[in-house]
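Visitor: Predicted model and sequence below, questions to follow.
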Amino acid sequence: MRRLFRVVLAAAAMSAAMSAAAFADGWTQEGSTWVYYTNGYKVTNEWKTSKDGGYYYLDGSGNMAVNAFVDDDRFVGSDGRMVTSSWRQIDSKWYYFDGSGKMIRDKSKQINGVYYFFDVDGAMATGWVQDGSGNWYYCDPADGHSYTNVWKNLVPSEEMNIDDTDDDVFMSADGSYWFYFQSTGKLAAATDETYKEFTINGNRYAFDRYGRMMTGWVKLKDTVPVIAGYKFYNNDASIGAFGAAHTGWLSILPPEKEETFGNEVVWYYFDTKGVPYYGTDVSTGDDDETLLVKLKRITKNGKTNTFLFNDLGNPVYGLRKVQRTDGTQTSMYFGTKAESCLQLGEKNITEADGTTWPYHYESNGYGTNGVKNGKLYYMGKLQKAIDNSYAYYTVNGKTYLVNKSGSLVKKLNTKKDPGEVDYRSNAEGIRDGGTADVEAPLVPEFNMTDRQ
């Protein structure tokens, strides 16, 4: 019995030794799969590394997982290795796993210098994408990269809930609009119900709150005068870069939404930023339109001339009442509607009431006030006798005697008693006695801007 007992013990010891040898710690292949032993037992539901530095997952049965998600955030490939810093297409969708093997989800990520968006399930997004702040992006339908620094003609997302009542938006026949995506991929757009301007490749463009490129007249802000808040964005490539703020001269209809601007084609001039030139009307009450003198030297049709703009943004023409910086007022003449530029020297001008009258303008454009070439002028208008052969007019504090042609009358009745004659003047044509009354100056009949 004792000998039999020793034989049984020896057999048990040998079996234990053989079991330990069969299940040595580490990786071992069992059939078509790999397993990992620790202290003779299979490891389950745990990650283990291999000599290649990769991570591998042992499932609930201890078998190495392949082609499967682990913990919903990581994925192992056909070789069982955890996917890191790379793309994987799974069930026709693309996913990206970072350096730790974690799936990127519900955010954007820059990969090899390109931005991509991923939904809450981690699938790469394509088409329109809106982030948590309400900003819009667009991801290429083919490879998912986020568009950056590029124009795209696209049909907007239905989720934008676009109001289609704005006539200033250029829409293609298929319902698409022009959009611009900035360097971050963010859609260029206004943040409220107004419009916002962006400078793109040296040109200025306006976008609404949906990111749609605007064309035609666009009111960017409320200003006085109203035209100062407008810009015109080219609605035809023949007048400049399509959609860009126009610069230079342009003959167009005024802003349709401003009823007082009229409905006739008129000229405008836009500076290098697209802001229209405009003037300031300082008249009050029932006064004639009176423009501050803010002259502009501009080339038009190959000729450089001097222009004055009204508060509607149009170059004025005809006989105009102006106010100097010192507050004094006079006239300036800007020729016919076709000319609309400053005129100098002697002119026969048809006034607003249809009367043609001689005028004279100095080299600075202001109407002559005083004596010029032997004739008397007030605010540029020739002063002459109307009802009698002679007339007294006071200009610049001096009272002069003139005849029916407006010429100064000198040394008239100098030998007669000053109180016994109607008119009397000295050698300079200045009144020297006489009983006739001083007449009110002949004032210009000014042209004014037509307003609706």
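Guide: Okay, I see it.

Visitor: And for Gly374, the neighbour number?
Guide: 12 (other CB atoms under 10 Å). Where C-beta positions appear, they are placed from N, C-alpha and C, glycine not excepted.

Visitor: Just confirm it contacts Val409, I think it does.
Guide: No: the criterion here is CB atoms under 8 Å, and Gly374 misses it with Val409 at 10.3 Å.

Visitor: In terms of helices and strands, where is Ser108?
Guide: Element membership for Ser108 (DSSP states H and E) is strand 107-111.

Visitor: buried stuff in that strand?
Guide: Ser108, Ile111 (16 or more other CB atoms under 10 Å).

Visitor: Past it, which element shows up next along the chain?
Guide: strand 114-118.

Visitor: what's the angle between that next one and strand 107-111?
Guide: 150 degrees (axes from the mean of the first three to the mean of the last three CA atoms, to 10 degrees).

Visitor: For strand 114-118, buried residues please.
Guide: For strand 114-118, by 16+ other CB under 10 Å, it's Tyr115, Tyr116, Phe117, Phe118.

Visitor: Quick check: the farthest pair among those residues?
Guide: Tyr115 and Phe118 (10.8 Å; CB to CB).

Visitor: Mutual contacts of those two, please.
Guide: Ser108, Lys109 (CB atoms under 8 Å, 6 or more residues apart in numbering).

Visitor: and the nearest residue to Lys300 once chain neighbours are set aside, what helix or strand is that in?
Guide: Closest residue to Lys300 apart from its sequence neighbours, by CB to CB, 6 or more residues apart in numbering: Trp249 at 5.8 Å. Element membership of Trp249, judged by DSSP H and E, is strand 248-252.

Visitor: ok, and what's touching that strand?
Guide: Phe232, Ile239, Val265, Val266, Trp267, Tyr268, Tyr269, Phe270, Ile298, Lys300.

Visitor: Quick check: closest non-adjacent residue to Ala241.
Guide: That would be Asn203: by CB to CB, 6+ apart, it lies 5.3 Å from Ala241.

Visitor: and that neighbour, what is it in contact with?
Guide: Ala241, Ala244, Ala245.

Visitor: Also Lys416?
Guide: Contacts of Lys416 (CB under 8 Å, 6+ apart): Arg424.

Visitor: How about the contacts made by the closest residue in space to Glu351 that isn't next to it in sequence?
Guide: Spatial nearest neighbour of Glu351, chain neighbours left out: Glu445 (3.7 Å); criterion: CB to CB, 6+ apart. Counting by CB under 8 Å, 6+ apart, Glu445 makes contact with Leu319, Glu351, Ala352, Asp353, Thr355.

Visitor: mind listing which of the residues you listed are in strands?
Guide: Leu319 (DSSP state E).

Visitor: Tabulate the contacts of Glu445 in CSV, adding columns for distance to Pro254.
Guide: Formatted as CSV, those follow (distance: CB to CB, whole Å):
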residue, distance to Pro254
Leu319, 23
Glu351, 26
Ala352, 22
Asp353, 27
Thr355, 30
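
Visitor: So which other helices or strands are in contact with the host helix or strand of Arg297?
Guide: Element membership of Arg297, judged by DSSP H and E, is strand 296-300. Using 3 or more CB pairs under 8 Å, 6 or more residues apart in numbering; DSSP states H and E, the elements in contact with strand 296-300 are strand 303-307.
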